[in-house]
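Enquirer: Have a look at this prediction, sequence included:
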Amino acid sequence: MKFIIFGLGHFGHSLSTKLTSMGHEVLGVDKNIDRVESYKDEISHTLCLDATDMAAVSGLPLSDADAVIVAIGNEDEGAGIMTVAMLKRQKVKRIIGRVTSPLQKTVLEAMEINEFVDPERETAERMASSLDIKGVLDSFQISERFRIMEIDVPDRFIGETIKKVEFKERHKVTLLTIIRKDTHKNILGINKSESVVLGVLPPEFVMESGDVLVLFGELSNIEKLMR
């Protein structure tokens, strides 16, 4: 797929390099020449351009892009809004706007933008969820009721099989997978530990100390399981 990303700050740069590494074609745009030069080997294409320059923006391959992401942050909130406005005038088929304040989101909604990303808020919410309940390592909110959570395996489950624990039947949660530490020697002969996602597991799989369970379900049911 093809993406154009305006703004190569921390978020825009991270998004651009991740999409590039996944095999997508990305055009990263920023008015800061130092950023453009620094990231040119990490992103498919980079271009130094003022996103508020109508003539310059209209010369980009906007019609070829599967999505255009305006990742300009709170360092220039006005520029982000102006860029979205120009993209709307160019009739770009899919625009995703980064929001840094409630007012900015209201303005973008008035411009009929319905896809947003708020990385600071989303990160804060995930961290708050993980800190709210002891034993939660990470949390992703699907809706008001449902979460995906990474939790330390409860002591009472260690040595038990997935079948015996009866995650769905007894606890009303779904075990998506397990993350387990794997230790191996690197090329220098030094022991190195890394986390490995074990994928879909059979009912006879035995849980061990140090395992991380990735669970999906209602928050109340996950909390009951942890207690």
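Expert: Yes, it's here. Residues are numbered from 1 along each chain as shown.
Enquirer: Contacts only, for the residue nearest to Val212 when sequence neighbours are not counted.
Expert: Counting by CB to CB, 6 or more residues apart in numbering, the nearest residue to Val212 once its immediate chain neighbours are dropped is Ile179, at 4.0 Å. For glycine as for every other residue, the C-beta is placed from the backbone atoms N, C-alpha and C. For Ile179, the contacting residues are Glu150, Ser195, Val196, Val197, Leu198, Asp211, Val212, Val214, by CB atoms under 8 Å, 6 or more residues apart in numbering.
Enquirer: And for the second one, the neighbour number?
Expert: When counting by other CB atoms under 10 Å, one arrives at 9 neighbours for Ser195.
Enquirer: Let me know the average pLDDT across the helix or strand encompassing it.
Expert: Here Ser195 sits within strand 191-197, counting by DSSP states H and E. What strand 191-197 shows for mean pLDDT is 83.
Enquirer: Enumerate the positions of the helix or strand following that strand that are buried.
Expert: Next along the chain after strand 191-197, taking DSSP H and E as the criterion, comes strand 212-218. When burial is assessed from 16 or more other CB atoms under 10 Å, strand 212-218 yields the following buried residues: Val212, Leu213, Val214, Leu215, Phe216, Gly217.
Enquirer: Surely Leu108 is within a strand?
Expert: No - the assignment for Leu108, made by DSSP: H, G, I helix; E, B strand; the rest coil, is helix rather than a strand.
Enquirer: Let me see the contact set for the nearest residue to it once chain neighbours are set aside.
Expert: Closest residue to Leu108 apart from its sequence neighbours, by CB to CB, 6+ apart: Gly97 at 4.8 Å. Going by CB under 8 Å, 6+ apart, Gly97 touches Val70, Gly80, Val84, Leu108, Ile113, Glu115, Phe116, Val117.
Enquirer: Please produce TSV containing those, extended by neighbour count and secondary structure.
Expert: Shown next, in TSV, are the contacts of Gly97 (neighbours: other CB atoms under 10 Å; DSSP: H, G, I helix; E, B strand; the rest coil):
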residue	neighbour count	secondary structure
Val70	27	strand
Gly80	26	helix
Val84	25	helix
Leu108	23	helix
Ile113	20	coil
Glu115	11	coil
Phe116	14	strand
Val117	15	strand
